[in-house]
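Asker: Sequence first, predicted model second:
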Amino acid sequence: DAGITQSPRHKVTETGTPVTLRCHQTENHRYMYWYRQDPGHGLRLIHYSYGVKDTDKGEVSDGYSVSRSKTEDFLLTLESATSSQTSVYFCAIATGGRYYGYTFGSGTRLTVV
Amino acid sequence: AQKITQTQPGMFVQEKEAVTLDCTYDTSDPSYGLFWYKQPSSGEMIFLIYQGSYDQQNATEGRYSLNFQKARKSANLVISASQLGDSAMYFCAMREKKLTGGGNKLTFGTGTQLKVEL
């Protein structure tokens, strides 16, 4: 199984502060994704990466930026956190194989107060 | 328009009974894949089953089967012999068109909360 870890697992932050979430993979997978999960919306794509320094926007990218300076790390930054960004954030990697499948991290629960 | 529709926000099933979770999808791409994921209360996303758009047979994985009706654009998950541990949120997802850089986008439905009762 692909090793994928997210940090932190939980975070409470104040409105207006910057926040960075980290996704780390132990294998050399090219494609990495950030999703947010909200009740009634399922999971929605924020940003994705297709290589080192190669990133693009998903459907709910406003207020978020990403960086990928190494294959193994994909960072999601909330430039100035708002209460609407309170959510559970999942990182995923495309692991390929028979199903062109995806493996998800354990999620980060972010609360903006 | 919704790409993936799950019309059952919540469902109950008796232990040992079978249950069907509905999923319909919309795509114009002839090549796509359909996934079901389970999310227990602990929060992780667990892959259950996959169906490719060109697969002739319905996918099965143990107690899980996918009732794939391509013309109707439906991909219902059937869980046989429900167990208490099946209580969870279930998401249908579709992998379709390529994103910039070659990766595929995975689009999710809103989920169905299943509760298995004694």
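Answerer: It's in.
Asker: check contacts around whichever residue of chain A sits closest to chain B.
Answerer: Here chain A gets closest to chain B at one residue, residue A:50, 2.7 Å apart by C-beta to the nearest C-beta. Placement of C-beta: from N, CA and C, glycine included. Shown in contact with residue A:50 (C-beta atoms under 8 Å, 6 or more residues apart in numbering or on different chains): A:30-31, A:56, B:99-103.
Asker: give me the element it is part of.
Answerer: strand A:42-51 (DSSP states H and E).
Asker: and the next helix or strand after that strand, what's its mean pLDDT?
Answerer: Later in the chain than strand A:42-51, the nearest helix or strand by DSSP H and E is strand A:54-57. For strand A:54-57, the mean per-residue pLDDT is 94.
Asker: likewise stretch A:83-91?
Answerer: Over the span of stretch A:83-91, the pLDDT mean works out to 98.
Asker: same deal with stretch B:55-74?
Answerer: Per-residue pLDDT over stretch B:55-74 has a mean of 96.
Asker: Stretch B:16-32 now?
Answerer: 95.
Asker: what comes up buried for that stretch?
Answerer: Neighbour-count burial for stretch B:16-32, counted by 16 or more other C-beta atoms under 10 Å in any protein chain shown, picks out B:19, B:21-25, B:27, B:32.
Asker: again with stretch B:85-104
Answerer: Going by 16+ other C-beta under 10 Å, stretch B:85-104 has these buried residues: B:86-96, B:99, B:103-104.
Asker: again, but for stretch A:105-113
Answerer: Neighbour-count burial for stretch A:105-113, counted by 16+ other C-beta under 10 Å, picks out A:105, A:107-108, A:110, A:112.
Asker: just these that are near chain B?
Answerer: residue A:107 (C-beta under 8 Å from any C-beta of the partner chain).
Asker: Show me what the lengthiest strand in chain B packs onto, helices and strands only.
Answerer: In chain B, assigned by DSSP state E, the strand with the most residues is strand B:88-98. Strand B:88-98 sits against strand A:42-51, strand B:4-5, strand B:33-39, strand B:74-79, strand B:104-108, strand B:112-117, with contacts defined as 3 or more C-beta pairs under 8 Å, 6 or more residues apart in numbering or on different chains; DSSP states H and E.
Asker: make it 7 Å
Answerer: strand B:4-5, strand B:33-39, strand B:104-108, strand B:112-117 (3 or more C-beta pairs under 7 Å, 6 or more residues apart in numbering or on different chains; DSSP states H and E).
Asker: separation between the residue in chain B sticking out farthest from the centre and residue A:57?
Answerer: Largest separation from the mean C-alpha position in chain B: residue B:101, at 26.7 Å (C-alpha atoms, centre = their mean). In this view, residue B:101 and residue A:57 are 12 Å apart by C-beta to C-beta, to the nearest Å.
Asker: With residue B:50 instead?
Answerer: 27 Å.
Asker: Now do the contacts for the residue minimising distance to the centre of chain A.
Answerer: Using C-alpha atoms, centre = their mean, the residue of chain A that lies closest to the mean C-alpha position is residue A:34, 2.9 Å off. The contact partners of residue A:34, by C-beta atoms under 7 Å, 6 or more residues apart in numbering or on different chains, come to A:46-47, A:66, A:76, A:89, A:91.
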